[in-house]
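>>> prediction below, plus the sequence it came from.
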Amino acid sequence: MNPKIKICGITKKEEIPVLNEFNIDYVGFVFAKSKREVSVKDSMNLRANLNNNIKTVAVVKEPPIELLEEILQGGFDILQWHGSLKEETIKHINMPIWQAISVKDKESLGNIIYDEKIIGYVFDGSAPGSGKPFDWQVLSDIQINSELILAGGLDSDNIIEAINKIKPTIVDVSSGVESDKGKDPYKIKEFVRKVKNYGNEQ
Ligand SMILES: O=C(O)c1ccccc1NCC(=O)[C@H](O)[C@H](O)COP(=O)(O)O
């Protein structure tokens with residue numbers, strides 16, 4: 001089956017129509033230090049224009065408790081957690097979690113936490129949102145029974161090789177579909193075309 005698509009780091013209402021047009025599966029809002037950081041209030045205004053069937057992902061990096069509470073009450077579908085994740089925090093979180101793993105080497109995979117609330121793992125580079133891929137070889141024999149989300153430096157040039165090698169259930173892109181002005185409809189269209197045609201163009 002072709003992987004689903006997550007487009008991360010939406011900041012402007014002009015970026016929404018192309019996400020609706022291509023029926024992107026997941027859209028991510030970044031609530032962490034980043035050029036793509038938005039407030040929960042801003043993300044709600046953006047979400048109001050998204051198709052109802054598009055799932056929304058709140059992306060955080062060890063957030064302060066006030067922000068976490070705001071997000072937990074914000075009606076997002078998934079919480080994507082970067083950084084260290086304590087057992088007591090998992091207990092407190094009342095929604096499905098994707099744990100982000102910064103992949104440097106095989107040892108990085110030791111950071112994977114198994115918990116019923118964690119329904120997926122985002123394998124990303126060591127600088128999330130930087131557009132830099134990690135060494136995919138590290139995931140060569142990974143076996144997980146939940147969503148395998150591949151992130152980090154994906155674009156329309158490398159996505160076919162990435163799917164071939166890792167067989168992710170979801171692919172996650174940000175920098176690779178951006179230009180200077182933000183998300184680029186043409187880059188999104190090309191990325192989506194490659195993912196949706198995967199298997200037909202081999
Ligand atoms: O996107 C960010 O700037 C960011 C900042 C801090 C924590 C997480 C962040 N993004 C998380 C994502 O899911 C990105 O889409 C993912 O890292 C892929 O980014 P890219 O390599 O730019 O395609």
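Sure, I can see it.

>>> what about E66, which SS state?
Under the three-state scheme (DSSP: H, G, I helix; E, B strand; the rest coil), E66 adopts helix.

>>> oh sorry, the question was meant for E161
Assigned with three-state DSSP, E161 falls in the helix class.

>>> run a quick neighbour tally on it.
Applying other Cβ atoms under 10 Å, we find 11 other residues in the vicinity of E161. Placement of C-beta: from N, CA and C, glycine included.

>>> residues touching it, list them.
For E161, the contact set (Cβ atoms under 8 Å, 6 or more residues apart in numbering) is empty.

>>> ok, now with 10 Å
Contact analysis of E161 by Cβ atoms under 10 Å, 6 or more residues apart in numbering lists 136, 154.

>>> tell me how far it lies from the ligand.
Using Cβ to the nearest ligand atom, to the nearest Å, E161 is found at 15 Å from the ligand.

>>> now N51
Here N51 is placed at a distance of 20 Å from the ligand (Cβ to the nearest ligand atom).

>>> residues from the chain in reach of the ligand?
Counting by Cβ under 6 Å from any ligand atom, the positions of the chain adjacent to the ligand are 8-9, 28, 30, 32, 34, 36, 59, 61, 82, 124, 128-131, 151-154, 172-176.
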